[in-house]
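*Asks:* My questions are about this predicted structure, shown below with the sequence.
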Amino acid sequence: MEQTTLAGQAPAETVRSPLEWLGLIAPAVALVVAIVFLTNTDWYSVFKAIHVLGAVMWVGGGAAITILALRAQRTKDNTGLVHIAKQAEYLAMRLFVPASLVVGVMGFVLMHKGQWGYDHFWSLFALTGWIASFVVGIAFLGPETGRLAKLMDEKGPDHPETIARVNRIVAVARTDVVLIALIAADMVAKPFS
């Protein structure tokens, strides 16, 4: 029996191109290679790799969203800007929160395993910044983007209230990205240690 869509048409067969297959296979290959790399080292290096990969996803994802939002703001693409905010809402609980938790947990593990104290400027700055960023994400960015989605559905992407809310979210997100980039620089340089 042939399946039909709501419009009464048969669904088109999905044929994946070689590039699509590469996009599906590449992450699995990368994971296998990473496991091989990490099995030939000590636990501290494994925890450090997990910590750094989490930070890369957190900082990189935030920077990408921020740059896309800035581009939409500069071109006055309100619909695009609201769409980016909705994507940020989607990524918040699926990428940013988990990545920041991995960074935090691995940071504590590394501090313990490396026998680092919490009496250094760099460790206190990183911990304070991480807490601030996590709280801003959970208490403001996540809920505010959820309210934005409802507001856009009610009033549309070009309504002044919608644009004001988007601009506020983008400003806070941009500041947060700068903060986590500073944390990354702090952790690499370990100033005043």
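*Replies:* Arrived safely, thanks for sending.

*Asks:* What residues does Pro191 make contact with?
*Replies:* 121-122 (Cβ atoms under 8 Å, 6 or more residues apart in numbering). Backbone N, C-alpha and C define where each C-beta goes, glycine included.

*Asks:* Verify the contact between Arg168 and Glu144 for me.
*Replies:* Yes. Here Arg168 lies in contact with Glu144, judged by Cβ atoms under 8 Å, at a distance of 7.4 Å.

*Asks:* neighbour count winner among these two?
*Replies:* Per other Cβ atoms under 10 Å, whichever of Arg168 and Glu144 has more neighbours is Glu144, with 18 against 13.

*Asks:* quick one: that one and Ala173, what's the gap?
*Replies:* 10 Å (Cβ to Cβ, to the nearest Å).

*Asks:* so what secondary structure elements neighbour the longest helix belonging to the chain?
*Replies:* Among the segments of the chain that qualify as a helix by DSSP state H, the longest is helix 43-74. Secondary-structure packing of helix 43-74 (3 or more Cβ pairs under 8 Å, 6 or more residues apart in numbering; DSSP states H and E): helix 18-39, helix 78-91, helix 97-113, helix 160-189.

*Asks:* out of those helices, nearest to Ile50?
*Replies:* With Cβ to Cβ as the criterion, Ile50 lies closest to helix 97-113 of the helices and strands packed on helix 43-74, at 5.1 Å.
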